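**Q** With the sequence up front, the predicted model follows.
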Protein chains: 2
Amino acid sequence: DTQHPEMRIEEEMERVVDQTKELQEAARSLISKSSREEKDLQQRARSLYTSMDELRSSIISLTLDDHMDHRLAEKLEAELNRAKCILVDGDASYFLVGKVESWFLKRFLGPINVRAIRKDVQLKVKEEYNSYKDRTTWLFLLFPSILLFLRSWMWDGCMPAFPVQLYQAWLLFLYAGLALRENILRVNGSDIRPWWIYHHYCAMVMALVSLTWEIKGQPDCAQKQRGVELFLQWAMMQGVAMLLQNRYQRQRLYTRIALGKAKRMDVVWGETAGERGQLWLLCPMLFVLQGFEAYVGLLLLQTTVVGVVSEWQVVFCGILLVLMALGNFVNTVQTLLVKSRF
Amino acid sequence: DTQHPEMRIEEEMERVVDQTKELQEAARSLISKSSREEKDLQQRARSLYTSMDELRSSIISLTLDDHMDHRLAEKLEAELNRAKCILVDGDASYFLVGKVESWFLKRFLGPINVRAIRKDVQLKVKEEYNSYKDRTTWLFLLFPSILLFLRSWMWDGCMPAFPVQLYQAWLLFLYAGLALRENILRVNGSDIRPWWIYHHYCAMVMALVSLTWEIKGQPDCAQKQRGVELFLQWAMMQGVAMLLQNRYQRQRLYTRIALGKAKRMDVVWGETAGERGQLWLLCPMLFVLQGFEAYVGLLLLQTTVVGVVSEWQVVFCGILLVLMALGNFVNTVQTLLVKSRF
Ligand SMILES: CC(C)(COP(=O)(O)OP(=O)(O)OC[C@H]1O[C@@H](n2cnc3c(N)ncnc32)[C@H](O)[C@@H]1OP(=O)(O)O)[C@@H](O)C(=O)NCCC(=O)NCCS
Ligand SMILES: CC(C)(COP(=O)(O)OP(=O)(O)OC[C@H]1O[C@@H](n2cnc3c(N)ncnc32)[C@H](O)[C@@H]1OP(=O)(O)O)[C@@H](O)C(=O)NCCC(=O)NCCS
């Protein structure tokens, strides 16, 4: 370069300053333009949704008044369903859904938006949730097995407090993570029943309470630790059920991804044969597990009545377990009833 | 309407179906267009950032070689700083920052994006964080005060376990919320030092450990509960310091919002006089508090050496408190040093 270096730098500086201003303008206009366009799409999506509802009721009332041929009505309704499916399940769905409020997320994350606009990101979040569950389920199974094994093999029926408390602390963080992630999935349009999330809140409370529950040592610790033992046995069973459940739900997700669907709003959409088979295997296990959950709860309550242990934690965990078992049962049955309607 | 109702409905249906398809297309193209434009802005922002760095080093090397007038060099550097400020602090900043990875958020939330593209949303998140701290600080102050008051007034120097454990569980959730929110702020471009976040991780661990720490009853409980008592006294002091800290940081935020700045990258940007005054009041308090924090830690360690209590939890909390005090001290001093450079 034959130019004077000072001049070269001043020119370069001018270029940089200009480009910075341009970039700032471009960024500002992109941000405001997209938020304007988003608002527009939101309005269009909502009014379309209302039109669809009106159309459906018109069809129904015309059919009832015999002003419309049944054949035609059926055809129109099928068409309407297809359109609704596109609206609710397609790329526009982001603009349709009003903000789902999650008290839990607000409390822990503040007013941040956790909704993903792109379908592939939403699916990734869901997939990652599944693989998180897979990874933790193995620990879920392993942890209590090791504790129970060491108890009879090394510890002479008397578990030391520390490993049990470590396990309980791990449970607390596990459930907190699941509750946060499930709330995020819900905000992203998942149809998960609220109960499964409440269930994780309850499990968090139980883990917390059990942390304050003093692990008694000798003498008579076999009897005093009966509650912990039952709890661990139940946890092992739950681990097995969770493995099956994960497999089933992962397959459902893959089928859906293959079909290009994020939701199952499509009325035609039921379970595939393979899924149905897995569900038939899963459900008896779930009911047995729920029965055992209630049984463990009742046994805990019994130990306090008989007077072996008398801490409030035991009563509390007993009642909570029974309530959780009931809720799980009711919600599993309701899910099956909904499914059987297809 | 004189038309046949069937025909009217079929027409209406056609309209709805067409609109649905249009909307789906519009949504898809908006999403893909914005992601393309975002990528473009990202590239421009990054290359501009590199140019600025190169320009700065050219200026420095030319000045050192005496190929450039010092006056000019200063003028150019000031100009460069202004440009950098616009880039880093303006609307384009969203496109500049690479994804800040937060292990904690990934673990608990999964692969969801918590960055806000709009400056006003970022500020709202920050404001909400401040008001969350305000709200909880009062509880932070009230909780231990009530416990200590009841202890000497009603409980005869012997705290029952339940209220203390309730307090510890509350602390655990409080710190978890703070840690999550601060990670989110960091992802949104806050300059918060990582230590303040680690500090909340440590506080979470301590709350968890203290939950498993058995609250001893009579006899001699005044002596056995000495650790808890010290901890509560320290918590009260911390509450007062947090109130001052919140006031100071809130004022900083308001000044910045008034100046239209989201960050303090502007080199001209220092503290206002009022802020400086608050900092002079705050800092001695912070140092006293950090001294007391270490002192409580050492006292806890001493109780185990003397042999009054011998649980591992006490040793652990003692060591953790000393480490936290050291870290807080070092980081406060470093912050002050950075500030004094302006
Ligand atoms: C019965 C069961 C297998 C049905 O699963 P399913 O076929 O996926 O149920 P649905 O079709 O109603 O699912 C609707 C949504 O909720 C989700 N979901 C269902 N049950 C869930 C659960 N227990 N935890 C988390 N998410 C669940 C599904 O993944 C689906 O999400 P999507 O809309 O994002 O795709 C399932 O609910 C289950 O396993 N429940 C029993 C749990 C239990 O009792 N465990 C014992 C104690 S731990
Ligand atoms: C020293 C102190 C007052 C400086 O505060 P400051 O002037 O805001 O510090 P900085 O200018 O370095 O702040 C940089 C960023 O970190 C944030 N920050 C600083 N200290 C923080 C803390 N302790 N907790 C959370 N955020 C903090 C600021 O809000 C700012 O965020 P921004 O970039 O989004 O605006 C503050 O760090 C402090 O109070 N530290 C002591 C904490 C302590 O030891 N407590 C006793 C035990 S709890």
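**A** Cool, got the structure. Ligands and ions are numbered 1, 2, ... in the order given.

**Q** and the gap between A:Leu253 and chain B?
**A** Remark: distance between A:Leu253 and chain B (CB to the nearest CB, to the nearest Å) = 14 Å. For the C-beta atoms, the positions are set from N, CA and C on the backbone; glycine is no exception.

**Q** count of neighbours near that residue?
**A** A:Leu253: 16 surrounding residues under other CB atoms under 10 Å in any protein chain shown.

**Q** Mind pulling the model confidence for A:Ala222?
**A** A:Ala222 carries a pLDDT value of 69.

**Q** now stretch A:18-25, how far from the chain's geometric center?
**A** On the basis of CA atoms, centre = their mean, to the nearest Å, stretch A:18-25 sits 43 Å off its chain's mean C-alpha point.

**Q** meant to ask about stretch A:124-137
**A** Remark: stretch A:124-137 is offset 10 Å from the chain centroid, using CA atoms, centre = their mean.

**Q** Contacts for that stretch, please.
**A** Outside stretch A:124-137, the residues within contact range by CB atoms under 8 Å, 6 or more residues apart in numbering or on different chains are A:116, A:174, A:177-178, A:181-182, A:184-185, A:188, A:190, A:239, A:242-243, A:246, A:249-250, A:253, B:110-112.

**Q** Which of those residues are buried? Put it as a ChimeraX command.
**A** ChimeraX command restricting the contacts of stretch A:124-137 to the buried ones, with burial defined by 16 or more other CB atoms under 10 Å in any protein chain shown:
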select /A:116,174,177,178,181,182,184,185,188,190,239,242,243,246,249,253 /B:110,112
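
**Q** how about the helices in chain A?
**A** Ranges of helices in chain A, per DSSP state H, are A:5-64, A:70-89, A:93-96, A:103-109, A:119-153, A:161-187, A:194-212, A:221-224, A:226-258, A:273-306, A:312-340.

**Q** mean pLDDT for those helices: which is lowest?
**A** Sorting the helices of chain A by mean pLDDT places helix A:221-224 lowest, at a mean of 70.

**Q** Can you name the residues of chain A that neighbour ligand 1?
**A** When proximity is defined as CB under 6 Å from any ligand atom, chain A approaches ligand 1 at A:126, A:182, A:185, A:190-192, A:196, A:238, A:241, A:245, A:249, A:252, A:282, A:286, A:289-290, A:328, A:332, A:335.

**Q** if we go to 5 Å?
**A** Neighbours of ligand 1 within chain A, by CB under 5 Å from any ligand atom: A:190-192, A:196, A:245, A:249, A:286, A:289, A:328, A:332, A:335.

**Q** Name the residue closest to the centre of chain A, please.
**A** A:Glu182 (2.8 Å; CA atoms, centre = their mean).

**Q** count of residues packed around the closest residue in space to that residue that isn't next to it in sequence?
**A** Closest residue to A:Glu182 apart from its sequence neighbours, by CB to CB, 6 or more residues apart in numbering or on different chains: A:Ile197 at 5.0 Å. For A:Ile197, the count of nearby residues is 20 (other CB under 10 Å).

**Q** contacting residues for A:Ile197?
**A** A:104, A:179, A:182-183, A:186.

**Q** same question, A:Phe287
**A** A:329, A:332.

**Q** Any figure for the gap between A:Thr50 and chain B?
**A** As judged by CB to the nearest CB, A:Thr50 and chain B stand 10 Å apart.

**Q** With ligand 2 as the reference, measure out to that residue.
**A** Distance of A:Thr50 to ligand 2, computed by CB to the nearest ligand atom, to the nearest Å: 42 Å.

**Q** give me the number of residues near that residue?
**A** Neighbours around A:Thr50, by other CB under 10 Å: 9.

**Q** how does chain A divide into domains?
**A** Domain assignment for chain A by automatic domain parsing gives A:5-98, A:105-340.

**Q** So for B:His70, which of these sits nearest?
**A** Of all the domains of chain A, it is domain A:5-98 that lies closest to B:His70, at 11.9 Å by CB to CB.

**Q** how much distance is there from the closest one to the middle of the chain?
**A** The chain centre lies 26 Å from the centre of domain A:5-98; the measure is CA atoms, centre = their mean.

**Q** surely A:Gln251 meets A:Gln278?
**A** Yes: with contacts counted by CB atoms under 8 Å, A:Gln251 reaches A:Gln278, the gap being 6.7 Å.

**Q** The helices of chain A: which one's closest to B:Leu147?
**A** helix A:194-212 (15.8 Å).

**Q** Just the CA trace of the closest one, in PDB.
**A** Only the C-alpha atoms of helix A:194-212 are listed here, as PDB (Å, rounded to 0.1, in the frame of the first residue of the first chain):
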ATOM      1  CA  PRO A 194     -51.500 -31.100  34.600                       C
ATOM      2  CA  TRP A 195     -51.600 -34.000  37.100                       C
ATOM      3  CA  TRP A 196     -48.300 -35.500  35.900                       C
ATOM      4  CA  ILE A 197     -46.700 -32.200  36.700                       C
ATOM      5  CA  TYR A 198     -48.500 -31.900  40.100                       C
ATOM      6  CA  HIS A 199     -47.300 -35.400  40.700                       C
ATOM      7  CA  HIS A 200     -43.700 -34.200  40.400                       C
ATOM      8  CA  TYR A 201     -44.400 -31.200  42.700                       C
ATOM      9  CA  CYS A 202     -45.600 -33.800  45.300                       C
ATOM     10  CA  ALA A 203     -42.600 -35.900  44.700                       C
ATOM     11  CA  MET A 204     -40.400 -32.900  45.300                       C
ATOM     12  CA  VAL A 205     -42.100 -32.100  48.600                       C
ATOM     13  CA  MET A 206     -41.800 -35.800  49.600                       C
ATOM     14  CA  ALA A 207     -38.000 -35.800  48.800                       C
ATOM     15  CA  LEU A 208     -37.600 -32.600  50.800                       C
ATOM     16  CA  VAL A 209     -39.600 -34.000  53.800                       C
ATOM     17  CA  SER A 210     -37.700 -37.300  53.700                       C
ATOM     18  CA  LEU A 211     -34.400 -35.400  53.900                       C
ATOM     19  CA  THR A 212     -35.400 -34.100  57.300                       C
END
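
**Q** quick one: it to helix A:312-340, angle?
**A** Relative orientation of helix A:194-212 versus helix A:312-340 (axes from the mean of the first three to the mean of the last three CA atoms, to 10 degrees): 160 degrees.
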